[in-house]
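Peer 1: my questions are about this predicted structure, shown below with the sequence.
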Amino acid sequence: MKKITYAIMLLTITLGFGCKTNNSNLSIHVKDTETAFIYDAVYPVSKTGRLKNYIVKQLRNDLPVDQKVDTTVKLPDGERVKIKATEGALSIYFDKQHNSAEGFIKIKKFTDGVSEVLSER
């Protein structure tokens, strides 16, 4: 009976600790079709500040990614990209049919940079 009690206590402590320190969950999905480029990331909330700084620097747009955002951003070259964000999640939709190939290359580089920022320790 003592073994079962100890096992339950150990399991409870382990699960409690794991839930509080689960700061490394990062999930990035990219879908690139003929008509659209879609980038989805779920990341630790603690990286929101770094992500916001990167977005401000690269897009020259102060998106409040620590709040709920659902907007279309016009890039300096006239390209448009749909961005949805909340703390811990980012979604980018780039319509290839209504934007240029050059714009696609830029948004691809931007999302590669986002992945780097979110992957940093």
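Peer 2: That came in fine, so what should we check first?

Peer 1: and stretch 85-95, what's buried?
Peer 2: For stretch 85-95, a neighbour-count test (16 or more other Cβ atoms under 10 Å) marks Ala85, Glu87, Gly88, Ala89, Leu90, Ser91, Ile92, Tyr93, Phe94, Asp95 as buried. Heads up, the C-betas are built off the backbone N, CA and C, glycines and all.

Peer 1: nearest to Asp66 among the residues you listed?
Peer 2: Proximity of those to Asp66 (Cβ to Cβ) peaks at Glu87, which lies at 5.2 Å.

Peer 1: what about this structure, any weak spots by pLDDT?
Peer 2: 1-24 (pLDDT under 70).

Peer 1: all the helices of it, residue numbers only.
Peer 2: 2-20, 48-59, 101-119 (DSSP state H).

Peer 1: how many neighbouring residues does Leu118 have?
Peer 2: Residues contacting Leu118 under the criterion other Cβ atoms under 10 Å number 20.

Peer 1: now what about stretch 78-96, what contacts it?
Peer 2: Stretch 78-96 is contacted by residues 33-45, 48, 51, 63, 65-75, 98-100, 103-104, 106-107, 111, 114 when judged by Cβ atoms under 8 Å, 6 or more residues apart in numbering.

Peer 1: hmm, 6 Å instead?
Peer 2: Contact with stretch 78-96 is made by 35-42, 45, 48, 65-66, 68-70, 72-74, 99, 103-104, 107, as judged by Cβ atoms under 6 Å, 6 or more residues apart in numbering.

Peer 1: in PyMOL, select just the buried ones from those.
Peer 2: Listed next is the PyMOL selection for buried residues among those, using 16+ other Cβ under 10 Å:
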select buried, resi 36+37+39+41+48+65+73+99+103+104+107
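
Peer 1: tell me which entries of the contacts of stretch 78-96 lie within strands.
Peer 2: Per DSSP state E, strands hold the following members of these: Ala36, Phe37, Ile38, Tyr39, Asp40, Ala41, Val42, Val69, Asp70, Thr72, Val73, Lys74.
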